[in-house]
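Undergrad: Provided below are the primary sequence and the corresponding predicted coordinates.
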Amino acid sequence: MKKLYSTLWQYVVAFAAAVVVLGGVSWAHHVHATAAPATPASQSAGDTLIVNTTDLAKDVIGYNGTTPLEIKLVDGVIVAVKALPNSETPRFFQRVTASPIFTAPIGKTPQQVLQMHFDAVTGATYSSEAVLENLRRGLKSIAE
């Protein structure tokens, strides 16, 4: 009887470990991020403007949490779109950062990019849609 309980206990522990490991992947997109410290939406220095979407899109959730961006403009033209630290799964989020979502805006004005259509990245749909909404909100904040 002791051996039966010992074996059952091993199965319970193994099952619990599997739930913890898989839970971070399969259920994480339902968890909303907690409030982060306030971040200025934009900073300017001369002809350079940097827009941070941490606060502009704090309600936009990807697969594992928020997906803030930093958008850098020089003389009103986008020169960089950078992903800020996030909780997305790196191997899937890399698909998003390698997509036209990050490259197509370079050399364009916010108004031009806001008129563009981007497709979600296959295999990283939640993440790419969240990044697109961050991009849209960041650009709208300076285009208005």
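TA: Received, thanks. Residues are numbered from 1 along each chain as shown.
Undergrad: let me see the mean pLDDT of stretch 93-107.
TA: On average, the pLDDT along stretch 93-107 is 97.
Undergrad: now do stretch 121-134
TA: The model assigns stretch 121-134 a mean pLDDT of 96.
Undergrad: residues making contact with that stretch?
TA: Under the contact criterion C-beta atoms under 8 Å, 6 or more residues apart in numbering, stretch 121-134 has outside partners 29, 53, 56-57, 60-63, 66-69, 83, 88, 92-93, 95-96, 99, 101, 118, 120. From N, CA and C alone the C-beta is placed, and that goes for glycine too.
Undergrad: now the residues you listed: which count as buried?
TA: Buried members of the contacts of stretch 121-134, scored by 16 or more other C-beta atoms under 10 Å, are 53, 56-57, 60-63, 66-69, 83, 88, 92-93, 96, 99, 101, 118, 120.
Undergrad: domains for this structure, by residue range?
TA: 1-30, 42-143 (automatic domain parsing).
Undergrad: please work out which of those is packed deepest.
TA: Compared across the domains of the chain, domain 42-143 shows the largest average neighbour count, a mean of 18 (mean count of other C-beta atoms under 10 Å).
Undergrad: for residue 127, see how far away residue 101 is.
TA: The spacing between residue 101 and residue 127, counted by C-beta to C-beta, to the nearest Å, is 10 Å.
Undergrad: now swap in residue 83 and tell me
TA: Counting by C-beta to C-beta, the gap from residue 83 to residue 127 is 10 Å.
Undergrad: quick check: neighbours shared by those two?
TA: With C-beta under 8 Å, 6+ apart, residue 83 and residue 127 have common neighbours 67, 93, 96.
Undergrad: check contacts around the first one.
TA: Going by C-beta under 8 Å, 6+ apart, residue 67 touches 57, 60, 83, 86, 88, 93, 127, 130-131, 134.
Undergrad: now render the residues you listed as TSV, adding distance to residue 106.
TA: Below are the contacts of residue 67 laid out as TSV (distance: C-beta to C-beta, whole Å):
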residue	distance to residue 106
57	20
60	22
83	14
86	21
88	22
93	19
127	20
130	20
131	15
134	16
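Undergrad: mind putting those in TSV, distance to residue 73 and secondary structure included?
TA: TSV is the format used below for those (distance: C-beta to C-beta, whole Å; DSSP: H, G, I helix; E, B strand; the rest coil):
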residue	distance to residue 73	secondary structure
57	17	coil
60	21	coil
83	17	strand
86	22	coil
88	25	coil
93	24	helix
127	24	helix
130	21	helix
131	18	helix
134	15	helix
